[in-house]
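*Asks:* just need the structure, nothing else, for what follows:
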Amino acid sequence: MKKVPANILESMDPTVLAYLLMSDGNFDKNRNRVRIYSNSFIKEDVQILAEAINTKLGIYVGVLHDRKDQWILTMLDLLRQTVSSHFDPSMLYRLGL
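*Replies:* Have a look, this model is predicted:
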């Protein structure tokens, strides 16, 4: 299992979120949303990560059950504005851009 760092609230910024999305992100074209596959984290850590994104960046993040003991995070438009300038251009497809 992966662990969300204890200092994630202090560390969260657009660059941190961009790197997280470039490694574990995905664009769901059918639902027009960006997902972070946080399947390797326990639910409580996923909730802490979602709260850090919301608190520090003002981006609403939904925590959704994916499958047995696995959770994903979902986000929409403000996310693109916040992180796209921190993305490598070859990875923008993960934001649906």
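
*Asks:* and the nearest residue to residue 40 once chain neighbours are set aside, what does it touch?
*Replies:* Excluding its sequence neighbours, the residue lying closest to residue 40 (Cβ to Cβ, 6 or more residues apart in numbering) is residue 2, at 4.2 Å. C-beta: built from backbone N, CA, C; applies to glycine. The contact partners of residue 2, by Cβ atoms under 8 Å, 6 or more residues apart in numbering, come to 38, 40-41, 45.

*Asks:* helix, strand or coil for the residue most central in space within the chain?
*Replies:* Central residue of the chain (Cα atoms, centre = their mean): residue 36, 4.4 Å from the mean position. What DSSP: H, G, I helix; E, B strand; the rest coil gives for residue 36 is strand.

*Asks:* residues touching it, list them.
*Replies:* 20-21, 24-26, 49, 72-75 are the contacts of residue 36 under Cβ under 8 Å, 6+ apart.

*Asks:* out of those residues, which are inside strands?
*Replies:* Among those, the members falling in strands (DSSP state E) are 25-26, 72-75.

*Asks:* show the pLDDT at the nearest residue to residue 70 once chain neighbours are set aside.
*Replies:* Beyond its immediate neighbours in the sequence, the residue positioned closest to residue 70 (Cβ to Cβ, 6+ apart) is residue 39, lying 3.9 Å away. The model reports residue 39 with a pLDDT of 83.

*Asks:* residue 39 and residue 56, how far apart?
*Replies:* The gap separating residue 39 from residue 56 is 23 Å, by Cβ to Cβ, to the nearest Å.

*Asks:* returning to that earlier point: so can I have JSON lines of the ones in strands among the contacts of residue 36 showing neighbour count and distance to residue 14?
*Replies:* Shown next, in JSON lines, are the ones in strands among the contacts of residue 36 (neighbours: other Cβ atoms under 10 Å; distance: Cβ to Cβ, whole Å):
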{"residue": "25", "neighbour count": "23", "distance to residue 14": "14"}
{"residue": "26", "neighbour count": "16", "distance to residue 14": "19"}
{"residue": "72", "neighbour count": "20", "distance to residue 14": "20"}
{"residue": "73", "neighbour count": "25", "distance to residue 14": "16"}
{"residue": "74", "neighbour count": "17", "distance to residue 14": "18"}
{"residue": "75", "neighbour count": "25", "distance to residue 14": "13"}
